[in-house]
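Asks: pasting the structure only:
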């Protein structure tokens with residue numbers, strides 16, 4: 001990299017956006033707020049007529065945004081939520097009629113995947129120890 005080009009300094013991931021079928025905001029709330037326990041936050045006034053639903057998703061002001069659009073229930077792209085009790089959440093999802101499933105294990109990162117009511121893929125994990133994956 002030449003001296004004339006500076007590397008951008010990323011502060012953090014601020015939000016992730018996922019689609020849901022238009023008019024199904026109540027189902028977004030039922031899954032993400034009632035089942036997963038996320039806290040809904042106000043959508044900015046300038047965007048209030050777009051049918052958006054936003055949630056706080058943990059520390060560092062991370063947010064999940066949901067917008068009317070067409071989910072792709074076959075696509076592997078996903079977001080990942082770190083939770084305190086992975087097995088309890090898995091049982092809770094199963095009891096609500098969802099089908100969590102396992103994938104390739106990652107050391108010190110037990111995890112499972114599940115689709116939301118619209119087909120968006122979510123990974124749930126718990127990070128164990130200090131053996132984190134590091135940037136190279």
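Replies: Nice, thanks for sending it over. Since this is a predicted model, take the numbers as computed values, not measurements. Numbers count the residues shown, from 1 in each chain.
Asks: can you list the weak-confidence ranges in this structure?
Replies: The model of the chain has pLDDT under 70 over residues 1-4, 130-136.
Asks: which parts of it are strands?
Replies: Using DSSP state E, the strands found in the chain span residues 15-20, 39-41, 53-56, 63-68, 78-82, 111-115, 121-125.
Asks: show me what the second one is packed up against.
Replies: Counting contacts by 3 or more Cβ pairs under 8 Å, 6 or more residues apart in numbering; DSSP states H and E, strand 39-41 is packed against strand 53-56. (Glycine included, C-beta is placed from N, CA and C.)
Asks: residue nearest the middle of this structure, spatially speaking?
Replies: residue 79 (4.1 Å; Cα atoms, centre = their mean).
Asks: in the sheet, who's paired with it?
Replies: Here residue 79 sits in beta bridges with residue 122, going by DSSP bridges.
Asks: from memory it sits against residue 66, does it?
Replies: No - checked against Cβ atoms under 8 Å, the pair residue 79 and residue 66 is beyond contact range at 11.1 Å.
Asks: give me the common contacts of the two.
Replies: residue 18 (Cβ atoms under 8 Å, 6 or more residues apart in numbering).
Asks: now do the lengthiest helix in the chain and strand 78-82, the angle between them.
Replies: When the chain is parsed with DSSP state H, its longest helix is helix 86-95. Computed with axes from the mean of the first three to the mean of the last three Cα atoms, to 10 degrees, the direction of helix 86-95 lies at 130 degrees from that of strand 78-82.
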